[in-house]
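In: Build me a model:
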Amino acid sequence: MADSDLLLLGGPRSSEIYLAFGPLPEAPQVSRAILVLAPHDTWTPPTSDAEISVFTTRRFRGEDLTRRDAPRRTRTPASRVGLGAGATREIRIDLTDEVAQARARGVRVVSLAIAGGTVEEGAPLRLASPRALSTEKRPRLELSVR
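Out: Coordinates of the predicted model:
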């Protein structure tokens, strides 16, 4: 059984992470939106380069999604970020355009699928989950609005 405060991304089983953030503020313009993923306490830095892709999905409910009931994601990622081998650090992914477009369409909750991992299919990336005891480690969407 996996730790409830641990999210595994990538690796041999090629897992994905589904997160939802909302409600979005009523502000007329989102000037910046950054998805922040923190390393879990058991994080081991990747020994090879990794890439993380973030896709938007249809809105979903529930904490435990299976492959069968996972929402479809867009074909093209909203954003990608490379992660070099080495030190432990927060992963920051710019989603400004996607969140601004969603807000302009009247979307109140942004639903995301996060895929990726190490290029050489090594161990999965170990990230803190929304259930992490430290609120600073939980995944978050940092917004700047005008």
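
In: Show me where this protein dips below the pLDDT cut-off.
Out: For the chain, the stretches with pLDDT under 70 are 1-3, 12-14, 62-67, 87, 117-122.

In: now the residue nearest to the spatial centre of it: how far from residue 129?
Out: Centroid-nearest residue in the chain, with Cα atoms, centre = their mean: residue 114, separated by 4.7 Å. Per Cβ to Cβ, to the nearest Å, residue 114 is found 12 Å from residue 129. Where C-beta positions appear, they are placed from N, C-alpha and C, glycine not excepted.

In: all helices for the protein, in order.
Out: For the chain, the helices defined by DSSP state H cover 96-104.

In: what about residue 11, neighbour count?
Out: 15 (other Cβ atoms under 10 Å).

In: oh sorry, the question was meant for residue 74
Out: As a burial measure, residue 74 scores 13 neighbours (other Cβ under 10 Å).
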